[in-house]
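S.K.: This is the structure alone, sequence omitted:
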């Protein structure tokens, strides 16, 4: 949407149509937990429960502007990684659709070349790099297979990719275990870049790294987003990192987006009680010694999400209606939140 | 720092060095660590992976197995040097006067025993209690760490609890015998923000109530800022800076501490470059002869490469030839 794009730091004065680079429209993803043989036998005999469903992503809509970095934050199990995998087309949606550069991702006419434009960077580079492949093969295999480069160009190509992510040329001949965590993540990023994508989905790319190394990778991602004009969906639980890196942020809780806004606006004026709690409780070096005032309770089981607003059992300001009806998303295009109290009040 | 009254020294780690003798050479993950801990105090030990913070914690509990060993130094718990006693005597202290909380409660708790049984084992090892009495003590302990329906939970297995609840159980077990010193190794790293803040709140309260001393090992400076009285920053097996949280975090003096604090996103304008420390830490097999941070340090001079700087007094000190 044009109104979101105008908030972006990277706005390059685009028309309304191209502003939204990826549109996630009412995407829902359900997983079925199949019962074991014994349980299904019991079920057939009329005792015991049938298959159980988890709605990992529940009717989520997002617009990601071209050239922006979109942050998706939430605690474990909120569905942020599932949504990322749907956006990367690693997982189909149960309903709803993802439209990437005006092409629906489930469209049969989508060519492999078009799909190369979407690449993913994973959290754990040790698990996502083949331990028995040399770095050269890891980062050039995809490009050669898809005809981005010819096989004889691979050495030059590998060296220039490695230089771009801050590794020396001799890295090409080593194996993943010979690198530190930060260097491995650089290799993972180089592999994603090897097919010249214009959209990167980064799922917790710095969560496993030490602070000083994390800063190096964040700087690298910022440089790449500018130099290559990349759009990014950045999934993280770390609010400090998201605040630093992202243009727009969505907060997820139990499969739903509870609030989304331009980063500066969200951190300055959080509207949803869950966002407020997250911001208040995120440890900060500047906060100094303090008494913690944690919100009560735990994240409910996604098998049996609470009725009404999903946050109401833990919400410090919940009213009776919150447990009864699910609140609609309210606010303007720029700053949306899902809370009854906002609905009744000034907004 | 303003906090509950801080009392006598309960734990004194004096020039501790722990080495691992491997085929590849001798690794020195802990290379001369000194600190003191007073009753009622929470000390944060901060460092990046490989800095030796966990090995320091394990050394204090006598949990270093071959090929590792404590090479030199002393660990005095209420005056008793734990490096001089044998394993059977150590077993009497471990869990009673010094106990540990680990990062991952799922691997700490035995998956095939009930919570109650695991409590019973700890209590029976150190206190002369019968089963019924142990269960009553356990129930009270679970209640104090905020577990709902503690009596019922005693017959639960670890997998029936959430991550936050499991960590509460570990904390309850660690506190069950009223230890003087608790070593906590990244206990909230695996937890979500809202659950982490519940646990931090709980730990702060319990340490004060029990008049114990706590060593909180973490990679996260921002957790230290909210929780601890003092902080020790470790790099390549040594404490490079130690002092009150306010002193160290507000006016860091060691170039490594300064670099660490600056690389946390927060003060930098959003979208700007974060300041980063170039390079990576040295290998524990090949520590530099001088200051271990010198190869990454912008201020390093010739003396830094040859002479290791020494750490000053026990209260506030910094290990640098050119502190800020």
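M.R.: On my side now, so go ahead. Note that this is a predicted model, so its numbers are computed, not measured.
S.K.: Now do residue B:323, the pLDDT please.
M.R.: As predicted, residue B:323 sits at a pLDDT of 89.
S.K.: Residue A:223 now?
M.R.: In this model, residue A:223 is scored at 93, pLDDT.
S.K.: Can you show me the helices along the stretch 201-324 of chain B?
M.R.: With DSSP state H, counting those that start in this stretch as the criterion, the stretch 201-324 of chain B has helices at B:221-227, B:245-250, B:255-262, B:302-306.
S.K.: Give me the buried positions along the shortest one.
M.R.: Which is helix B:302-306. residue B:304 (16 or more other Cβ atoms under 10 Å in any protein chain shown). C-beta coordinates here come from the backbone N, C-alpha and C atoms, glycine included.
S.K.: What of the second one?
M.R.: Of the residues in helix B:245-250, B:245, B:246, B:247, B:248, B:249 count as buried by neighbour count, 16+ other Cβ under 10 Å.
S.K.: Just send the residues you listed back as a markdown table, with pLDDT too.
M.R.: As requested, these are exported to a markdown table (pLDDT from 0 to 100):
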| residue | pLDDT |
| --- | --- |
| B:245 | 93 |
| B:246 | 91 |
| B:247 | 91 |
| B:248 | 93 |
| B:249 | 92 |
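S.K.: could you dump those to CSV with distance to residue B:114?
M.R.: Output for those, formatted as CSV (distance: Cβ to Cβ, whole Å):
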residue, distance to residue B:114
B:245, 39
B:246, 44
B:247, 46
B:248, 43
B:249, 42
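S.K.: of the residues you listed, list those near chain A.
M.R.: Among the buried residues of helix B:245-250, proximity to chain A is found for B:245, B:246, B:249 (Cβ under 8 Å from any Cβ of the partner chain).
S.K.: Quick check: the first one vs residue B:216, distance?
M.R.: Which is residue B:245. Note on residue B:245: its distance to residue B:216, by Cβ to Cβ, to the nearest Å, is 11 Å.
S.K.: And the last one, by the same measure?
M.R.: As judged by Cβ to Cβ, residue B:249 and residue B:216 stand 14 Å apart.
S.K.: On the pLDDT front, check residue A:57 for me.
M.R.: At residue A:57, pLDDT is 94.
S.K.: And for residue B:74?
M.R.: 95.
S.K.: Check the one 5 residues further on too.
M.R.: According to the predicted model, the pLDDT of residue B:79 comes to 92.
S.K.: Check the one 4 residues further on too.
M.R.: At residue B:83, the pLDDT value in this model is 93.
S.K.: Kindly report the same for residue B:45.
M.R.: We note a pLDDT of 96 for residue B:45 in this prediction.
S.K.: Quick check: closest non-adjacent residue to residue B:198.
M.R.: residue A:294 (4.2 Å; Cβ to Cβ, 6 or more residues apart in numbering or on different chains).
S.K.: State the mean pLDDT of stretch B:112-125.
M.R.: On average, stretch B:112-125 scores 93.
S.K.: Repeat that for stretch B:275-287.
M.R.: In the prediction, stretch B:275-287 has an average pLDDT of 87.
S.K.: and that stretch, which residues are buried?
M.R.: Buried positions in stretch B:275-287, judged by neighbour count with 16+ other Cβ under 10 Å: B:275, B:276, B:277, B:280, B:281, B:282, B:284, B:287.
S.K.: Dump the residues you listed into JSON lines; add distance to chain A as well.
M.R.: Formatted as JSON lines, the buried residues of stretch B:275-287 follow (distance: Cβ to the nearest Cβ, whole Å):
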{"residue": "B:275", "distance to chain A": "7"}
{"residue": "B:276", "distance to chain A": "4"}
{"residue": "B:277", "distance to chain A": "4"}
{"residue": "B:280", "distance to chain A": "5"}
{"residue": "B:281", "distance to chain A": "9"}
{"residue": "B:282", "distance to chain A": "12"}
{"residue": "B:284", "distance to chain A": "13"}
{"residue": "B:287", "distance to chain A": "17"}
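S.K.: quick one: which of those residues is nearest to residue A:59?
M.R.: residue B:276 (40.1 Å; Cβ to Cβ).
S.K.: Who are the contact partners of the closest one?
M.R.: A:212, A:215, A:216, A:219, B:259, B:263 (Cβ atoms under 8 Å, 6 or more residues apart in numbering or on different chains).
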